[in-house]
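Trainee: task: produce atomic coordinates for the following.
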Amino acid sequence: IIMKKNSKMEEERFYYEVGCSGPRLAPGEYVSVDFIGESGTLRPFGNNSVKSGIGGGVDGVARDRSKKYGLPKAIEATWVSYTDRKVYSVSTLIPYDTILSLFRDGGVPCIPLSQDSTGEEMTRLIQSLNLCFLPGGKVMLYAKAPVKRILLDWSAVGTEVTDDEILSDVYGRWGLKNMEEYYDEFYSDEFSNYEPWRKYVRKHGTLAPLLERYLQRFNYTLNFEFENQETSVYCVESKFTNGERYSRTSKYNEAFERPSRLKEFWAMWDYNDSRYSCYMYFNEAEMLKVFDEAYGEDRTQKGELKIKVCKYNNLFDISLNVGDKSIKLEKTAIRVFRRPIENPTKAGELIYKNYEGNHTNFFADDEKYVGE
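Mentor: So this is what the prediction gives:
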């Protein structure tokens, strides 16, 4: 990759970290990853496994936070896909202008949720970049703040590595003779920690078709309707199937212009002297089916995911509304707690729960998914 240095203006610098991720059911490891800028290269630090979920994992190295760095304009990476049984490599430019804009203007207003919080808004900046490895050699890029994870409108596809001089660095570390022995080791019963992805691959094959649906975007907004008109939303957190997430105050529709399917939602609202905390875990099969039925082939139609809350704050009506279609969601796992506003540290009282024991509404990329 050849990059021309801009000598007309001084390069803007920021404190940031870099990391890698991969789907939990399509794990692998990176051999080398370089985020390349005009003034130097940053590399991930620590364990080279990528199996923490798309866009997930811990980003960062032991850097001096007082130091700032130029943003990358290209990436060079080589990685192993256990489920593809292939090694891939990519060397390509990344969308520098988009990344620069996010770092300049990517502050996300939020209310800190710790018990000693004053309840005042603060701004959390974009502070890390995450390269995500998918089946088929595809890579995506996330920009992350403590309260927001953004999937960039960019992707690239690597090429398969067949040069044994490179491959021998991978299998040779384990005293193995070739990559086939290396892959067989990860499929053996000895690696019990990888059982969920082994179960999935044996039953379904590649995760790629499901991930393609996870990444689909739709033109919809999320709206609350409270039977008690005096209710005020305090803060919310949304998690989406494409790895994006958002936490902030009551303006929950500012999350993303065209989000993917919602998989988890958490909200706090105030009514009278009480603060309510609501946790919603959507059902994967239902969300995949309902969005397909409501949108058909035209995902640009304007839609609304509506959540109606009864006056007692303990009954919910959830529906996806697109055009003249209104489809109810019946399988969402929900629980609600109530506590006094003047004593927010008091243990919440459970006032609603529509499932027994622990909820089982896990998406395939969730940490607690155990395979099927």
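
Trainee: contacts and neighbour counts: CA atoms only from here.
Mentor: Fine.

Trainee: thought Y271 was touching V233?
Mentor: No: here Y271 does not reach V233: they are 9.0 Å apart, not a contact under C-alpha atoms under 8 Å.

Trainee: now the terminal residues of stretch 183-196, how far apart.
Mentor: End-to-end distance for stretch 183-196: 16 Å, by C-alpha to C-alpha, to the nearest Å.

Trainee: quick one: the strands in the stretch 151-300 of the chain?
Mentor: Ranges of strands in the stretch 151-300 of the chain, per DSSP state E, counting those that start in this stretch, are 159-160, 220-226, 232-240, 245-248, 262-271, 274-281.

Trainee: tell me the most buried of these?
Mentor: Ranked by mean neighbour count under mean count of other C-alpha atoms under 10 Å, the strands of the stretch 151-300 of the chain are led by strand 245-248, which reaches a mean of 24.

Trainee: from R335, how far off is G357?
Mentor: From G357 across to R335, the span is 11 Å (C-alpha to C-alpha).

Trainee: the two - which one has more neighbours?
Mentor: Taking neighbours as other C-alpha atoms under 10 Å, G357 and R335 compare with R335 leading, 20 against 7.

Trainee: touching, that one and N354? I think so.
Mentor: Yes: with contacts defined as C-alpha under 8 Å, R335 counts as touching N354 at a distance of 6.7 Å.

Trainee: for the protein, give me the ranges with low pLDDT.
Mentor: Where the chain drops to pLDDT under 70, the residues are 1-9, 58-65, 106-124, 191-194, 249-255, 372.

Trainee: residue contacts, the residue positioned nearest the centre of it?
Mentor: Nearest residue to the geometric centre of the chain (C-alpha atoms, centre = their mean): G243, 2.1 Å. Taking C-alpha atoms under 8 Å, 6 or more residues apart in numbering, we find G243 in contact with 53-56, 149, 151.

Trainee: from those residues, list the buried ones, please.
Mentor: By neighbour count, with 16 or more other C-alpha atoms under 10 Å, those hold 53-56, 149, 151 as buried.

Trainee: got the residues you listed as a markdown table, with distance to R275 and secondary structure columns?
Mentor: What follows is these, written out as a markdown table (distance: C-alpha to C-alpha, whole Å; DSSP: H, G, I helix; E, B strand; the rest coil):
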| residue | distance to R275 | secondary structure |
| --- | --- | --- |
| G53 | 32 | coil |
| I54 | 33 | coil |
| G55 | 32 | coil |
| G56 | 30 | coil |
| R149 | 27 | strand |
| L151 | 32 | strand |
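
Trainee: can you put these in TSV and add distance to D84?
Mentor: Listed next are the buried ones among the contacts of G243 as TSV, based on distance: C-alpha to C-alpha, whole Å:
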residue	distance to D84
G53	17
I54	17
G55	19
G56	20
R149	27
L151	23
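
Trainee: in its sheet, what does the particular helix or strand that has N130 in it sit against?
Mentor: Assessed by DSSP states H and E, N130 sits inside strand 128-133. Next to strand 128-133 in the sheet, as set by DSSP bridges, lie strand 17-21 (parallel), strand 138-145 (antiparallel).

Trainee: as TSV, those with distance to L100 and mean neighbour count would be great.
Mentor: Formatted as TSV, the strands paired with strand 128-133 follow (distance: least, C-alpha to C-alpha, whole Å; neighbours: other C-alpha atoms under 10 Å):
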stretch	distance to L100	mean neighbour count
strand 17-21	14	26
strand 138-145	11	22
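
Trainee: wait, which of the ones you listed is closest to F362?
Mentor: With respect to F362, and counting by C-alpha to C-alpha, the nearest of the strands paired with strand 128-133 is strand 17-21 at 19.2 Å.

Trainee: measure stretch 205-225 end to end?
Mentor: Stretch 205-225 has an end-to-end distance of 42 Å (criterion: C-alpha to C-alpha).

Trainee: outside of that stretch, which residues touch it?
Mentor: Here stretch 205-225 has contacts from 25-26, 83-84, 134-136, 201, 241-242, 252-253, 257-261, 288, 299-309, using C-alpha under 8 Å, 6+ apart.

Trainee: and if you look at stretch 25-40?
Mentor: 3-5, 18, 22, 41-44, 48-51, 69-83, 134-135, 170, 196-198, 200-201, 206-207, 364-365.

Trainee: hey, what's the nearest residue to S247 once chain neighbours are set aside bridged with?
Mentor: Of all residues not flanking S247 in the chain, E237 sits nearest, at 4.2 Å (C-alpha to C-alpha, 6 or more residues apart in numbering). Beta-bridge pairing of E237 under DSSP bridges involves S247, W266.

Trainee: gap between E237 and S21?
Mentor: Counting by C-alpha to C-alpha, the separation of E237 from S21 is 21 Å.

Trainee: can you confirm F35 is in a strand?
Mentor: Yes: the assignment for F35 by DSSP: H, G, I helix; E, B strand; the rest coil puts it in a strand.

Trainee: and stretch 146-159, how far from the chain's centre?
Mentor: Between the centre of stretch 146-159 and the centre of its chain there are 10 Å (C-alpha atoms, centre = their mean, to the nearest Å).

Trainee: contacts only, for the nearest residue to T231 once chain neighbours are set aside.
Mentor: Excluding the flanking residues, the one nearest T231 by C-alpha to C-alpha, 6+ apart is Y271, at 4.9 Å. Counting by C-alpha under 8 Å, 6+ apart, Y271 makes contact with 228, 230-232.
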